[in-house]
Each structure stands twice: as C-alpha cells, then as structure tokens.
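Undergrad: Structure here, sequence nowhere to be found:
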C-alpha cells in the first residue's frame with residue numbers, strides 16, 4: 001500500500017501560539033471578580049463535569065456503543081474484519097500462524113501466546129482510541145517500531161510473554177487517539193505490513209479440547225471459552241480505568257487472561273497475564289510462585305493509565321485443573337471479577 005502522510009491530528013488540542021504555549025482569551029476584571037464570587041457555591045459539587053474557560057460545564061468523554069457497521073471502513077483499511085466486544089470495542093485479531101515458536105519443549109500455538117490484537121473504541125467527544133499489542137519476530141521489531149513512530153502510534157511497552165523461546169519473539173503494545181479512525185487503522189496497517197503476519201484465514205470449526213474445562217471453571221470460579229485451540233479464562237478489573245483521561249470500556253487494557261493449551265492426558269501449557277495495582281503485586285507474585293507457576297515478566301502495558309496497572313506474564317505445564325487451582329489464590333489477591 002502507498003505511504004500515507006503522518007496524521008497531524010492525534011488528540012484534540014487547545015489553541016497554541018508559535019512556541020506551543022496554550023493561548024487563552026483575556027478575561028475582563030469584572031468577569032474575574034464575578035467568577036471568584038461564585039467559587040464557594042461549587043465546593044462539594046460532584047459529577048464528571050469539568051469547568052471550561054467560558055464557565056460552562058462539559059461532560060467528560062465516555063465510550064459510546066457501536067456496531068460492526070460503524071467499523072466497515074476501518075476493517076477495509078486493516079484488510080480484515082473484527083468483532084464487537086460488549087458493544088463498545090471493535091476487536092481485530094492478527095494471529096501469527098506463520099511463526100513456529102517453541103518454549104520449554106512446547107510448540108506454542110497462536111491462541112496460547114502468538115496473537116496480535118487491537119481494539120478500537122469511539123468516544124462521545126468524537127475521538128477514537130486504539131489499544132492493543134503486536135507480536136513481532138526479533139528481526140521485525142526495529143522496522144515495526146520505526147513505522148509506528150513515524151505514523152504517530154505510541155509504543156507503550158516492549159517485552160516478552162514467553163521464557164526460553166526459540167526463535168525470539170517480542171510484543172510491543174500500541175496506543176493511538178485521534179479524530180480519524182480510518183487514518184489510525186491505515187497507520188497500524190503500515191506497521192503490520194513490515195511483518196510476515198499472514199492474511200486472514202477461514203476459522204475452522206472448533207473441536208473439543210482434551211481438557212477438563214468444567215474442572216478449570218470450578219477451580220477458577222469463572223466460565224471460560226474455547227476457540228478450538230486453547231481454553232481461555234478472563235477476569236476484568238472492577239474499578240473504572242482511564243487512559244489519557246478517557247475511561248476505558250470494561251476489560252480493555254485491564255484484563256487478566258489465562259490460556260490453557262492442551263498437551264494430552266488432561267495436561268496443559270499455561271500462558272497469560274495477571275493485572276494488578278501496585279499494592280497487589282507482591283501478594284499476587286508470591287501466590288503464583290507458591291503454586292509452582294513461573295513468572296515471565298513484571299511490567300506495564302500503558303503509560304497514562306489510572307489507576308496505574310501492572311501485569312505479570314506466567315508460564316507452567318501441568319494438569320490443567322491443578323494449574324487452575326494454583327492460579328486461584330493469585331487471582332483472589334487482586335480486585336477483579338469474572339469476565340463475561
């Protein structure tokens with residue numbers, strides 16, 4: 001695809017002078033005195049409204065419901081379709097089925113740990129946010145980074161999700177926020193085109209997994225889902241999480257996800273990550289190690305999230321139900337709820 005010009009609008013900005021200083025209109029002294037007299041009446045006022053320079057109240061931007069039809073142009077720019085998640089985020093997956101990765105003797109499937117994915121969310125202020133992470137081979141990482149930076153898509157984390165992997169694979173988390181969702185999609189596509197990510201393929205019918213999924217559910221206290229390749233259990237942070245001041249839909253950027261890849265005889269390879277706030281980290285890490293689960297990395301996925309979130313990726317191979325029981329105390333140490 002041809003090179004597109006870098007978008008010069010990524011966030012709504014106030015007017016600025018030639019040096020980048022915010023420009024505010026001069027306010028007559030009479031208006032200043034009147035505003036000062038009104039301040040006591042505002043003390044204790046609650047709600048999401050924020051005061052503007054003109055003294056009017058503006059509601060904070062919130063995610064707005066969308067449908068698949070609202071993202072047709074985005075899907076066209078990306079070269080594949082996605083699916084709506086909880087009516088608020090348009091999720092698009094880019095499985096790296098081209099990679100043949102082995103970790104601790106386990107052939108890793110795309111569903112276990114090799115799935116690039118992004119989500120688009122539309123806000124009431126007319127902007128769109130993109131969040132997600134991309135799986136890249138080590139030979140692809142620098143050129144993908146160069147394209148993301150040239151196109152104005154932020155890299156919010158660069159790390160690994162696996163231990164002892166061959167070949168080396170990296171994950172770079174991405175975020176963009178602007179008024180043109182299609183332009184953001186084109187920018188992301190330009191970065192993906194610098195990888196060997198394969199084109200979309202028909203999804204084969206899901207086959208039963210050689211796992212005691214009912215036992216996994218009972219051990220973790222949630223209902224997982226199967227895509228025919230892995231069994232996934234999700235947990236969402238209970239509190240509202242914001243990014244760059246915008247509230248995120250439940251689960252976006254604040255999800256604990258555990259994938260169980262069957263290895264035969266009820267055994268599974270476990271990979272995924274647990275989401276925590278700072279005062280939960282040590283309790284959760286200790287619980288994971290007591291359960292015999294390997295810690296891969298402790299890191300952040302975002303730059304401006306509130307509350308500040310930390311993630312630890314995990315790895316283990318054992319009986320699947322035993323792994324789920326080992327995860328339960330770590331999950332219980334965090335403020336999460338089962339995902340729908």
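TA: Sure, I can see it. Computed from a prediction, not measured in an experiment: that's the story for all the values here.

Undergrad: residues contacting the residue nearest the centre of the chain?
TA: Residue closest to the average C-alpha location in the chain (CA atoms, centre = their mean): residue 253, at 3.5 Å. Taking CB atoms under 8 Å, 6 or more residues apart in numbering as the contact definition, residue 253 lies against 131, 241, 243, 301-302, 305, 309. For the C-beta atoms, the positions are set from N, CA and C on the backbone; glycine is no exception.

Undergrad: got the buried residues for the helix or strand containing residue 158?
TA: For residue 158, the element it lies in under DSSP states H and E is strand 154-159. Using 16 or more other CB atoms under 10 Å as the test for burial, strand 154-159 gives 154-157, 159.

Undergrad: Turn these into JSON lines, columns for pLDDT and distance to residue 290.
TA: Compiled in JSON lines, those are given as follows (pLDDT from 0 to 100; distance: CB to CB, whole Å):
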{"residue": "154", "pLDDT": "98", "distance to residue 290": "36"}
{"residue": "155", "pLDDT": "98", "distance to residue 290": "34"}
{"residue": "156", "pLDDT": "97", "distance to residue 290": "31"}
{"residue": "157", "pLDDT": "97", "distance to residue 290": "27"}
{"residue": "159", "pLDDT": "96", "distance to residue 290": "24"}
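
Undergrad: Can you pick out the most distant pair from those residues?
TA: Greatest spatial distance in the buried residues of strand 154-159: 154 and 159, 15.3 Å, computed using CB to CB.

Undergrad: one step back: which SSE is immediately downstream of the strand holding residue 158?
TA: Moving toward the C-terminus from strand 154-159, the next element (DSSP H and E) is strand 165-166.

Undergrad: Quick check: neighbours of the next helix or strand after that next one in the sheet, parallel or antiparallel?
TA: Downstream of strand 165-166, the first helix or strand assigned by DSSP H and E is strand 169-178. Strand 169-178 has its sheet partners listed here by DSSP bridges as strand 128-137 (antiparallel), strand 154-159 (antiparallel).

Undergrad: Now strand 169-178: average pLDDT?
TA: Strand 169-178 shows a mean pLDDT of 97 in the predicted model.

Undergrad: on that earlier part again, ok, the residue nearest to the centre of the chain to residue 184 distance?
TA: Computed as CB to CB, to the nearest Å, the residue 253 to residue 184 distance reads 16 Å.

Undergrad: Neighbours of residue 87, how many?
TA: Look at residue 87: counted by other CB atoms under 10 Å, it has 11 neighbours.

Undergrad: which non-adjacent residue is nearest it?
TA: Nearest residue to residue 87, sequence neighbours excluded (CB to CB, 6 or more residues apart in numbering): residue 65, at 4.9 Å.

Undergrad: what about the one you found, which SS state?
TA: coil (DSSP: H, G, I helix; E, B strand; the rest coil).

Undergrad: Go ahead and confirm it touches residue 88.
TA: Yes. Taking contacts as CB atoms under 8 Å, residue 65 lies within contact range of residue 88: 6.1 Å.
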